[in-house]
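# Sequence first, then the predicted structure:
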Amino acid sequence: MLLCKDLYKRYAVSDCISLDDFLNKYRKSERYVLRDNNMWGFDYSAKIKKSHQDDLIKLGITWISPYESNTGGVVAYIL
């Protein structure tokens, strides 16, 4: 059985030193920090970050979908 980590390994980036670095480099700003407002909630980016942290704790990996990524493709961060 393939683990989630194995499936996304080919999308892993190696130029990030932390989850914050990964999210700030690869997640579209308009779909992350620029949503911290009264429409989405002033803690929107904190909730997104918490979701990624939960993935890292549970799976050892987190990823950003093509829709959310500024690369237009999947990117993954692996511990």
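In hand now; what should we look at?
# Tell me how far Tyr32 lies from Val13.
16 Å (Cβ to Cβ, to the nearest Å). C-beta: built from backbone N, CA, C; applies to glycine.
# Quick check on these two: which one has the bigger neighbour count.
Tyr32 (19 against 16; other Cβ atoms under 10 Å).
# For the protein, just list every one of the helices.
For the chain, the helices defined by DSSP state H occupy 4-8, 19-26, 44-59.
# want to try a markdown table for the ones you listed, with distance to Glu68, mean pLDDT and mean neighbour count as columns?
What follows is these, written out as a markdown table (distance: least, Cβ to Cβ, whole Å; pLDDT from 0 to 100; neighbours: other Cβ atoms under 10 Å):
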| stretch | distance to Glu68 | mean pLDDT | mean neighbour count |
| --- | --- | --- | --- |
| helix 4-8 | 14 | 74 | 14 |
| helix 19-26 | 9 | 97 | 17 |
| helix 44-59 | 9 | 95 | 14 |
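# residues near Ser29, how many?
Neighbours of Ser29 (other Cβ under 10 Å): 11.
# Does Gly72 touch Ile64 like I think?
No. Assessed by Cβ atoms under 8 Å, Gly72 is found out of contact with Ile64, at 10.9 Å.
# neighbour-wise, which of these two wins?
Under the criterion of other Cβ under 10 Å, the comparison of Gly72 against Ile64 puts Ile64 first, with 26 against 9.
# how near is that one to Asn38?
Counting by Cβ to Cβ, the gap from Ile64 to Asn38 is 25 Å.
# With only the CA atoms kept, save stretch 51-67 in PDB.
Extracted in PDB, the C-alpha atoms of stretch 51-67 (Å, rounded to 0.1, in the frame of the first residue of the first chain):
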ATOM      1  CA  SER A  51      -4.400  22.700   8.700                       C
ATOM      2  CA  HIS A  52      -1.000  22.300   7.100                       C
ATOM      3  CA  GLN A  53       0.600  21.800  10.500                       C
ATOM      4  CA  ASP A  54      -2.000  19.100  11.300                       C
ATOM      5  CA  ASP A  55      -1.100  17.300   8.000                       C
ATOM      6  CA  LEU A  56       2.600  17.400   8.900                       C
ATOM      7  CA  ILE A  57       1.900  15.900  12.400                       C
ATOM      8  CA  LYS A  58      -0.400  13.200  11.100                       C
ATOM      9  CA  LEU A  59       1.200  12.400   7.700                       C
ATOM     10  CA  GLY A  60       4.700  13.900   7.800                       C
ATOM     11  CA  ILE A  61       3.800  15.800   4.600                       C
ATOM     12  CA  THR A  62       1.600  18.700   3.500                       C
ATOM     13  CA  TRP A  63       0.800  19.900   0.000                       C
ATOM     14  CA  ILE A  64      -0.700  22.800  -1.900                       C
ATOM     15  CA  SER A  65      -3.100  22.100  -4.800                       C
ATOM     16  CA  PRO A  66      -2.600  23.600  -8.200                       C
ATOM     17  CA  TYR A  67      -5.400  26.000  -7.600                       C
END
